[in-house]
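S.K.: based on what follows, work out the 3D shape:
(chains A and B)
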Number of protein chains: 2
Amino acid sequence: MKHNNYLIVIASILLSCLCAAQEGVKGELLSPDGNLRLSVYAQDGLPYYELQYKGKPVLKPSKLGFDLRYERGYKDGLSLVDVQKSSFDQTWQPVWGEYAHVRNHYNELCARFEQEGSGRVLLLRFRLFDDGLGFRYEFPEQPTLHIFQVKEELTEFNLAHDYTAYCMPGDYDTNEFTYTTAHISELEEELVNQSLAHKGYEAKSEGGLVIQTPVMLKGDNGLYVNIHEAALVDYPAMELNVDDRNFVFSSNLVPNKNGEKAFKMAPCTTPWRTVIVSDKATDILASRLIYNLNDPCKIEDTSWIHPVKYLGVWWEYFVGIGKTWNYSWYRSAVPGVTDYSTLEPNGHHGATTENVKKYIDFASENGFGGVLVEGWNEGWEDWSSYGRERLFRFDKAYPDFDVEDLHAYASERGVKLIMHHETGSNAADYERQLDRAFDFMNEHGYDAVKTGYVGGIVPRSEYHASQWMVNHYLYVAQKAAEKHIMVNSHEAVRPTGLCRTWPNWMAQESARGTEFETMGGNPADHTTILPFTRLMGGPMDYTPGVFQTRMDYYEGGYKPDQWARTTLARQLGLYLTMYSPIQMACDLPENYQRFPDAFQFIKDVPVDWEDSRYLEAEPGDYITVARKSKEGGKWFVGCTADENGHTAFFKLDFLQKGQLYKVTVYADAPDAHYEHNPQAYIVRSYELSRADALRIKAAPGGGFAVEIEPVEGSVSRRKGKTVNVNL
Amino acid sequence: MKHNNYLIVIASILLSCLCAAQEGVKGELLSPDGNLRLSVYAQDGLPYYELQYKGKPVLKPSKLGFDLRYERGYKDGLSLVDVQKSSFDQTWQPVWGEYAHVRNHYNELCARFEQEGSGRVLLLRFRLFDDGLGFRYEFPEQPTLHIFQVKEELTEFNLAHDYTAYCMPGDYDTNEFTYTTAHISELEEELVNQSLAHKGYEAKSEGGLVIQTPVMLKGDNGLYVNIHEAALVDYPAMELNVDDRNFVFSSNLVPNKNGEKAFKMAPCTTPWRTVIVSDKATDILASRLIYNLNDPCKIEDTSWIHPVKYLGVWWEYFVGIGKTWNYSWYRSAVPGVTDYSTLEPNGHHGATTENVKKYIDFASENGFGGVLVEGWNEGWEDWSSYGRERLFRFDKAYPDFDVEDLHAYASERGVKLIMHHETGSNAADYERQLDRAFDFMNEHGYDAVKTGYVGGIVPRSEYHASQWMVNHYLYVAQKAAEKHIMVNSHEAVRPTGLCRTWPNWMAQESARGTEFETMGGNPADHTTILPFTRLMGGPMDYTPGVFQTRMDYYEGGYKPDQWARTTLARQLGLYLTMYSPIQMACDLPENYQRFPDAFQFIKDVPVDWEDSRYLEAEPGDYITVARKSKEGGKWFVGCTADENGHTAFFKLDFLQKGQLYKVTVYADAPDAHYEHNPQAYIVRSYELSRADALRIKAAPGGGFAVEIEPVEGSVSRRKGKTVNVNL
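M.R.: Reported below is the predicted structural model:
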């Protein structure tokens, strides 16, 4: 197993501390660097925990427990009877990612609680890393607990401080909200405003003030805190109730439509609840805590998994040039039954053999490995999955899409087509078709699939984030792994680091992606928040690369608000700040042809990295990250900024000593602006060394990208200076 | 296609009667023999229909219509604008059944209704047979109707007479009730009593007084009426609201748990609503109307479908001899994950290689083609499907069940094992496993499966009889057909004649079978009602053949009420009265060995017939039927009687002229009684001809069976007499 081949277990010291079952027994644990301090104890029959960072409270006494349906839960009569401690230090190699090596270093405390009367046992396992805390509930096998239903998990996060939160409203079905930035005390009003701007599929979370995770927090106390979960398996997603007077979050599990939250059988565990903490925002972005809490890779041979940059017959469906997924306007076409060759084509179908070949040509000429094609298969004529039993066929192409011809054509040009499976959220039907669908892919040279879950879920008891669906997405990823297929799931439950365990689950959307620039827009600060929230659990298929930011340049444009809130230069920066091992260049080939110098950066930038350095970041304001390529010793830097812009200053001290580098900067022009001058950019080259520094201005809604290439055979003895690129 | 190879379409006369869209336009139709008269018309903006039999009203003016969700339904502003008539006469050959030839002869009327304002169209297609009426709604393709959700179907059956009803209470999940016999006006009180005796899985039907179909009705007006449905496809089962003052039934579709009833897309139809009518009860039993309304066989090659008599490792799990499905008592075994070979066996496991071989031996020695084995596969330790995502594996045997050894052992002896798939009602998981499960069967020599749906349904939005599940059962049957597997589904929605279309769907349980004799019992009249109700839609796997009617003879018996309400002789009669192409002999081999003369009848009786004659019948009292074997010119007669017993008298005039027959009667002994003398029977032989008649007494809770074999080379000139067998 490649990813583990120099796994170094430094220590697994068992510091068993068997204590008597008495009030006042307390578990205490420090992080390896000593900065984080955890306390665990029982009080009034309930487990409690507390967390400090460098002496500052992160979590004040916070309750833990479980309410079960039909039987006594773990919410009274609990005492702490045993504490076991251990340490762990291991370095593992992801199949792909921001870092070639990830250190998994923590001290662990396992607290055993017993319940008076029932004799039932509950374990709470805490792992304290230098960058935060992960903990989970464990239900060991025991005589009086077997199959049980979770009524609610009673986990509290008692922040006790009015942090500024970066978050979205609770919703069982979608994460496609813009982010709200507000003090916890002001969240209710702000979220209501926010919610009005977005129409969820079906349901909001029930109850009072509810937000989704990951939630990013920034405090006047100098702390940055991120709350999410890791390894969401066989359990619903956790949302958070907000007590906006006492600044306490508490878990709110996504139910199914019967109000049932989780069906479990002992022995079992919950996912890990994660609290990442630092006094530097960049540490939050650099944290691998969530990945570390997931199981190691379960795919033995990962040689077939490969990061890829791709183009797609896709963006043209959004920008208003009259192309669409449908083959025909005929409304009663039944996939697999109707003879589509007898239908009248609508003349607007995008996924034609001819059109796809243009993309294959362009991909091949510019070094892209993949071409996504949406609208290739039967079923788009009658979109209403929830209202029907079968919407799409995944092994039947439209008459004007020649699967075999395109397979041959792409293969000859070193390109692979990327499959698209829009399930219309009929997950039940997708599972019926899955084996056949994946076999069809293998028969026709596809090794990656974009899945889609637009609409209300079938089985009709389920939400996008309820337990059954959580299991469904993983089932699809596992089936795909068996068949050597990479998965990029859209509209699935937000990720929780499972791509460590199943690295063929390359990316997800699970947030408001670039497509929304054509449907109301993403605020200018959106990409300065996503890495602190959505990306904490795994890569996002954000589909950057919009060069033609005003989509109403085209005929038949949808609406006046159909424009990307970004400069062109920032779009290049996103290839660094929005990490994904499958990364799209979403715009039309003709738009890239209009800006060949800028497009060069997209051609050059890798999608898999040796190392990463978050140089500077503030959630909602800006992010600047440097990444080292796996081959050739190159570095790339990217920045994204909010509507106020940002002047980045950073030293090049991450470069190799004594080496001269060619530094190419793709920056906003001095007068660039995301609203009224988005396409003004400059490309400048310099020869610099690690002694130098760069000062680069990101325009309002702007950003930049830098490519740094060693000058072969060069020796540098430069003293160093600061280069002001566009100021 | 064997079943159609001398299909004779005598006439398809189009009697188009295009009428102007005016009030008072009326469609009128007679049955081919003129006995039934149908009227169709619009009144107050709604469709109405009426039905008469030999001048007597069967249905007085009865409303039709549809309520849709989110849009205007078909329940106002409708006028009848066109009536088209035609006739049809065809004889088809079932792959198996009670008759080798079935005549499908009807006059048809298709009424076109148009809606004021919306311009929407609704067709009502009526087929009038000599034995009753079938009609359905048809939603043609039209501009303003596309994907729609049915809020309720508004079909009425205005009986206008206080019939005696034989029926069970409404329930979305189960048909395993005993039958209630009561005047419609007394149903409410009687059904409440009945319901108390039975605990449904999850839910009763909502609303007031609701019953299930098929419902059998017997009137003081001399009429017998049966109401049910045919070809239930992509639609929920219909139950019936009862207006017990005006004697009106109205449709009550089974919803899912969200209250959603049916998701449809135009063009589409509903199932057929059936009203079978006669003044003779035997005509109801002989009716093929429901089969005729189903599509012809869709399986091209049916050569692999074969009726079969079978034994089973099954009854021993019910009778209290300490055998069970589980391999171990260990509770947290996880199918496909736990290594079962490391678990401690419980010593009570029935499906062991050794035990199964005993059954194979016995089957082989006595000419049985199949042996069902339940409890062979992983998962029985933790029965709680609704509470878990995965309960059973269908391709993993317990360690003490040697699939390959048993396959070889059975093959050598001319026996096939019958697979068992208990889904625990996790239909979603079953669909995931289905392909693999059927492949596993083919790999190991199984060609028939008994499926089970015990417990609450997963997907958790569904009931056993809701639309999604209706589609599921058919999906399983279709997948099975692809893989050449015969299906016997238990706890599925009650059948509606689909076995004509999918003749590999051999039988279903879908009612209270023999197993309930060990769990509270089936009333003595149960088997005199089932053929008038449950069997109207298709064969039932009732599992007759209990010789040891007192199950508490065994050690460790469950309860004092664990005894079959039947005589032994009646059990033989059930092989005739409870038709099924797969028919079990459910009792233990040792019990058959104790009564070899009676067992001879079970060995002899076929399960597929050339012809059938219902000789006499009254619902709730008795049924006597004669059937002719497909080979050898034999006839068999069977009778079942209620708690009062019955003296059957019938002529042998169905026998061939001039032929002498050996007639063997298996009858209750004169002093037999289902309660206190159930095993008293006599076997008598006679030589008789078609001139003769038999008078045979069925004891209280009794019955009889007769085997009639031509005496080879004989010639009979007998004048005929009545033989009194046991009087």
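
S.K.: residues from chain A in reach of chain B?
M.R.: A:141, A:146-149, A:234, A:256-258, A:260, A:263, A:265-267, A:331-332, A:334, A:382, A:384, A:386-389, A:428, A:431-432, A:435, A:458-462, A:467-468, A:471, A:475 (Cβ under 8 Å from any Cβ of the partner chain). No exception for glycine: its C-beta is placed from N, CA and C like everyone else's.

S.K.: is the closest residue to chain B within the stretch 151-300 of chain A in a helix, a strand, or coil?
M.R.: For the stretch 151-300 of chain A and chain B, the shortest gap (Cβ to the nearest Cβ) falls at A:F263, measuring 4.8 Å. Classification of A:F263 using DSSP: H, G, I helix; E, B strand; the rest coil returns strand.

S.K.: that one reaches B:E389, doesn't it?
M.R.: Yes: look at A:F263 against B:E389 with Cβ atoms under 8 Å: they come within range, at 7.0 Å.

S.K.: ok, those two, which is more surrounded?
M.R.: Remark: of A:F263 and B:E389, A:F263 carries more neighbours, 24 against 18, as counted by other Cβ atoms under 10 Å in any protein chain shown.

S.K.: who does the more buried one bridge with?
M.R.: A:Q149 (DSSP bridges).

S.K.: so what pLDDT did it get?
M.R.: For A:F263, the model assigns a pLDDT of 97.

S.K.: need the contact list for it.
M.R.: A:147, A:149-150, A:467, B:386-389 (Cβ atoms under 8 Å, 6 or more residues apart in numbering or on different chains).

S.K.: at 7 Å instead, please
M.R.: A:F263 sits next to A:149, A:467, B:387-388 when contact means Cβ atoms under 7 Å, 6 or more residues apart in numbering or on different chains.

S.K.: ok, A:R103 next?
M.R.: Contacts of A:R103 by Cβ under 7 Å, 6+ apart are A:T91.

S.K.: and what of A:A465?
M.R.: Residues A:172, A:236-237, A:254, A:493 are the ones in contact with A:A465 under the rule Cβ under 7 Å, 6+ apart.

S.K.: show me which of those residues are buried.
M.R.: A:172, A:236-237, A:254, A:493 (16 or more other Cβ atoms under 10 Å in any protein chain shown).

S.K.: show me the contact partners of the helix or strand of chain A at the bottom of the mean pLDDT ranking.
M.R.: In chain A, the helix or strand scored least confidently by mean pLDDT, DSSP states H and E is helix A:187-196, which has a mean of 76. Under the contact criterion Cβ under 7 Å, 6+ apart, helix A:187-196 has outside partners A:165, A:169, A:177-178, A:180, A:182, A:209, A:242, A:244.

S.K.: circling back to that earlier point, just the ones of the residues of chain A next to chain B in strands?
M.R.: Of the residues of chain A next to chain B, the ones assigned to strands by DSSP state E are A:147-149, A:263, A:265.

S.K.: now those in TSV, with distance to B:K280?
M.R.: Converted to TSV, those look like this (distance: Cβ to Cβ, whole Å):
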residue	distance to B:K280
A:I147	53
A:F148	57
A:Q149	54
A:F263	53
A:M265	56
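
S.K.: for the residues you listed, which two are the farthest from each other?
M.R.: A:Q149 and A:M265 (10.4 Å; Cβ to Cβ).

S.K.: the two: which is more packed in?
M.R.: A:M265 (21 against 16).

S.K.: if I look at that one, how far off is B:R388?
M.R.: 6 Å (Cβ to Cβ, to the nearest Å).

S.K.: quick check: neighbours shared by the two?
M.R.: A:I147.

S.K.: what's near enough to touch whichever residue of the stretch 501-650 of chain A sits closest to chain B?
M.R.: Residue nearest to chain B within the stretch 501-650 of chain A: A:T501 (16.0 Å; Cβ to the nearest Cβ). Neighbouring residues of A:T501 by Cβ under 7 Å, 6+ apart: A:294-298.

S.K.: show me which of those is closest to A:K634.
M.R.: Closest to A:K634, out of all of those and judged by Cβ to Cβ, is A:C297, at 26.8 Å.

S.K.: so A:F401 is in which element?
M.R.: Under DSSP states H and E, no helix or strand contains A:F401.

S.K.: what comes up buried for stretch A:147-157?
M.R.: A:147-157.

S.K.: over to stretch A:666-685?
M.R.: A:666-669, A:672-674, A:677-683.

S.K.: same deal with stretch A:510-522?
M.R.: Buried, per 16+ other Cβ under 10 Å, within stretch A:510-522: A:510-518, A:521-522.

S.K.: what does it rub up against?
M.R.: Contacts for stretch A:510-522 (Cβ under 7 Å, 6+ apart): A:175-178, A:318-319, A:492-495, A:526, A:530, A:534, A:540-544, A:546, A:551, A:558, A:561-565, A:586.

S.K.: same thing but 8 Å
M.R.: A:175-178, A:197, A:318-320, A:489-495, A:526, A:530, A:533-534, A:540-544, A:546, A:549, A:551, A:558, A:561-566, A:586.

S.K.: with only the CA atoms kept, save that stretch in PDB.
M.R.: What follows is stretch A:510-522 as a C-alpha-only set of coordinates in PDB (Å, rounded to 0.1, in the frame of the first residue of the first chain):
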ATOM      1  CA  SER A 510     -21.500  20.300  -2.100                       C
ATOM      2  CA  ALA A 511     -21.400  24.100  -2.000                       C
ATOM      3  CA  ARG A 512     -22.200  27.000  -4.300                       C
ATOM      4  CA  GLY A 513     -19.800  26.600  -7.200                       C
ATOM      5  CA  THR A 514     -19.000  28.700 -10.200                       C
ATOM      6  CA  GLU A 515     -22.200  27.800 -12.000                       C
ATOM      7  CA  PHE A 516     -24.000  30.100  -9.600                       C
ATOM      8  CA  GLU A 517     -22.300  33.100 -11.200                       C
ATOM      9  CA  THR A 518     -24.900  32.500 -13.900                       C
ATOM     10  CA  MET A 519     -27.700  32.200 -11.400                       C
ATOM     11  CA  GLY A 520     -27.600  35.100  -9.000                       C
ATOM     12  CA  GLY A 521     -23.900  35.100  -8.500                       C
ATOM     13  CA  ASN A 522     -21.400  34.300  -5.700                       C
END
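
S.K.: let me see the ranges of the helices in chain A.
M.R.: Secondary structure of chain A (DSSP state H): helices at A:187-196, A:281-286, A:289-292, A:353-366, A:403-412, A:427-443, A:467-482, A:526-529, A:568-577, A:589-594, A:596-604.

S.K.: chain center to stretch A:362-378, what's the gap?
M.R.: Relative to the centre of its chain, stretch A:362-378 is centred 23 Å away, using Cα atoms, centre = their mean, to the nearest Å.

S.K.: point out where chain A drops to low pLDDT.
M.R.: A:1-24, A:194-207, A:553-559 (pLDDT under 70).

S.K.: same thing but 50
M.R.: The model of chain A has pLDDT under 50 over residues A:1-22, A:197-203.

S.K.: verify the contact between A:M441 and A:I418 for me.
M.R.: No: A:M441 is not in contact with A:I418 according to Cβ under 8 Å; the separation is 9.8 Å.

S.K.: ok so, going back, quick one: which of the buried residues of stretch A:147-157 is nearest B:K603?
M.R.: Looking across those and measuring by Cβ to Cβ, the closest to B:K603 is A:I147, at 44.5 Å.

S.K.: I'd like the distance between that closest one and B:Q600.
M.R.: In terms of Cβ to Cβ, A:I147 sits 48 Å off from B:Q600.

S.K.: what do you get for A:K396?
M.R.: 56 Å.

S.K.: residue boundaries of the strands in the stretch 51-200 of chain A?
M.R.: A:56-63, A:66-69, A:78-92, A:102-115, A:121-129, A:132-139, A:147-153, A:156-158, A:164-167, A:180-183 (DSSP state E, counting those that start in this stretch).
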